[in-house]
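Asker: can't give you the sequence, but here's the structure:
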C-alpha cells in the first residue's frame with residue numbers, strides 16, 4: 001500500500017489523467033444517452049466543452065490558475081450555448097479544490113466567487129428543473145447545489161493553511177537546528193580558548209620556574225650540593241604540579257577520561273596565591289604579599305581569575321623585570337568585589353606587549369588576562385609604573401555585569 005501512495009505522490013499528473021479519461025468515458029455515455037434531447041447547437045458545443053473539462057482535470061495540478069480560467073470559460077460557454085449540466089461538470093469541483101489548496105490567492109478568490117454564483121446562474125438558465133412559481137423551492141435547490149462547491153473550496157483552503165503551518169514548523173525546526181549548530185561551534189571555540197588560556201598560564205609559569213631552578217642547580221652543583229638538591233626537588237614538584245593541571249585541562253577533551261582515571265584536581269583559588277608566591281620566592285624573586293579587608297568565599301570564576309592574573313604577572317616579572325627586580329602583590333576585599341594590584345620595580349616590558357595585547361606574538365598572557373577579567377565582568381588596567389617597572393590593576397566584581 002505504501003508503494004501505491006509513493007507512486008501517486010511521484011506521478012500526480014498521471015493520476016489526474018487517469019481520472020480525466022474515466023470522466024470522459026462517463027461523459028461520453030451520458031452524451032449518447034441524451035443525444036436525442038439536444039438541439040444541433042448543443043450537440044456541436046457539448047463535445048468540446050466535455051473534452052475541455054476533462055483537460056481541466058488532467059492538468060489541474062500542473063497549471064491550476066490556467067485550468068481555472070479554462071473552466072470558467074467553459075462554464076460561460078455552457079450558459080451561452082445551452083449545454084446543460086452533465087457528468088463532466090464534476091471538474092468544476094476538482095479545480096475549485098485544487099486552486100484553493102495550491103493556487104494563487106487571486107485564483108482562490110475567483111474560484112470562491114464562481115462557486116457561489118454557479119448554481120444560481122444554472123438555475124436561471126434552466127428553470128424547468130423546478131416548478132416556475134415555487135421560488136422558495138428554487139432557492140433551496142440553489143443552496144443545495146452551492147454547498148458542494150463551497151465545501152470543496154473550504155476543504156482546499158484548510159489544506160493550504162495546514163500545509164503553510166507545517167512548512168513554517170519545518171522552517172523553524174531547520175532554523176533552530178542551524179542556530180544550535182552555530183551555538184555549538186561558538187561553545188567549542190570558547191572552550192578551546194579557555195583551554196588555551198589555562199595551558200598558557202600553566203606552561204608559562206611552571207616551565208619558567210623549572211628553567212630558573214635548573215639554571216641555579218647547575219650553577220651551585222659543585223659549590224653547594226644541598227642547594228642544588230633543593231632546586232631539583234623544586235623542579236620535580238613543579239613538574240608534577242604542571243602535569244596534574246595539564247591532565248585536568250586536557251581531560252575535558254576525552255569523554256570519560258576523568259571518570260576512568262579517578263583523579264579530580266581542584267582549580268586554583270585565592271587561598272593558593274600565597275603558595276604560588278612562596279614558590280616564586282624560591283626562584284629568587286622577592287615578592288611582598290599583603291591581604292587587605294576581610295577574606296570571604298568568592299565565586300569560583302573570580303578566584304580562578306585572580307589566581308591566574310597573579311601567576312601571569314609574576315611570570316612576566318621574572319621574564320622582563322631584570323635580575324634585581326622585586327614585586328608586590330595586594331589583594332583587597334571590597335564589599336562588592338575583589339581588587340588586585342601587582343607591581344614590580346624592574347625595567348618593564350616592551351610597549352607592544354600591553355598596548356594591543358602583544359603585537360609581537362609574545363603577549364598572549366596579557367590577552368588571556370583581559371579575556372579572563374572580561375568573562376567575570378571586571379576591569380583590567382596594565383601598563384608601565386611611574387618611576388619604572390610595570391603595574392597590573394584589576395577589579396573583579398562578585399556578580400557578573402548585566
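Answerer: Perfect, thanks for sending it. Bear in mind the structure is a predicted one, so any value in this text is a computation, not a measurement. Residues are numbered from 1 along each chain as shown.
Asker: What segments of the chain are helices?
Answerer: 2-10, 12-33, 40-58, 64-81, 90-102, 105-125, 135-219, 225-251, 257-261, 273-282, 300-320, 352-355, 364-375 (DSSP state H).
Asker: a markdown table please, covering the ones you listed and showing mean pLDDT.
Answerer: Shown next, in a markdown table, are the helices of the chain (pLDDT from 0 to 100):
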| stretch | mean pLDDT |
| --- | --- |
| helix 2-10 | 76 |
| helix 12-33 | 85 |
| helix 40-58 | 85 |
| helix 64-81 | 90 |
| helix 90-102 | 91 |
| helix 105-125 | 88 |
| helix 135-219 | 82 |
| helix 225-251 | 74 |
| helix 257-261 | 43 |
| helix 273-282 | 86 |
| helix 300-320 | 85 |
| helix 352-355 | 48 |
| helix 364-375 | 77 |
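Asker: out of those helices, nearest to residue 334?
Answerer: Distance to residue 334, taken as C-beta to C-beta, is lowest for helix 300-320 among the helices of the chain, at 11.9 Å. Yep, even glycine has a C-beta here, placed from its N, CA and C like the rest.
Asker: Kindly provide the distance from residue 238 to residue 271.
Answerer: Counting by C-beta to C-beta, to the nearest Å, the gap from residue 238 to residue 271 is 19 Å.
Asker: about what we covered before: can I get the helices of the chain in TSV with distance to residue 386 and mean neighbour count?
Answerer: Output for the helices of the chain, formatted as TSV (distance: least, C-beta to C-beta, whole Å; neighbours: other C-beta atoms under 10 Å):
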stretch	distance to residue 386	mean neighbour count
helix 2-10	80	9
helix 12-33	83	15
helix 40-58	92	19
helix 64-81	82	18
helix 90-102	78	23
helix 105-125	75	17
helix 135-219	27	14
helix 225-251	34	16
helix 257-261	47	12
helix 273-282	24	17
helix 300-320	17	22
helix 352-355	15	18
helix 364-375	20	20
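Asker: now for those helices, which one comes closest to residue 389?
Answerer: Closest of the helices of the chain to residue 389 is helix 300-320, at 8.6 Å (criterion: C-beta to C-beta).
Asker: ok, back up a step: mind checking the helices of the chain for the one nearest to residue 340?
Answerer: Going by C-beta to C-beta, the one of the helices of the chain nearest residue 340 is helix 300-320, 5.7 Å.
Asker: Now do that closest one against helix 364-375, angle only.
Answerer: For helix 300-320 against helix 364-375, the angle by axes from the mean of the first three to the mean of the last three C-alpha atoms, to 10 degrees is 160 degrees.
Asker: So which other helices or strands are in contact with helix 300-320?
Answerer: helix 135-219, helix 273-282, strand 326-333, strand 337-344, helix 364-375, strand 390-397 (3 or more C-beta pairs under 8 Å, 6 or more residues apart in numbering; DSSP states H and E).
Asker: of all those, which lies closest to residue 103?
Answerer: helix 135-219 (8.6 Å).
Asker: Who are the packing partners of that closest one?
Answerer: So helix 135-219, by 3+ C-beta pairs under 8 Å, 6+ apart, packs with helix 90-102, helix 105-125, helix 225-251, helix 273-282, helix 300-320, helix 364-375.
Asker: hang on, the earlier thing: TSV please, covering the helices of the chain and showing distance to residue 327.
Answerer: Shown next, in TSV, are the helices of the chain (distance: least, C-beta to C-beta, whole Å):
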stretch	distance to residue 327
helix 2-10	77
helix 12-33	81
helix 40-58	90
helix 64-81	82
helix 90-102	77
helix 105-125	76
helix 135-219	14
helix 225-251	19
helix 257-261	35
helix 273-282	8
helix 300-320	5
helix 352-355	16
helix 364-375	15
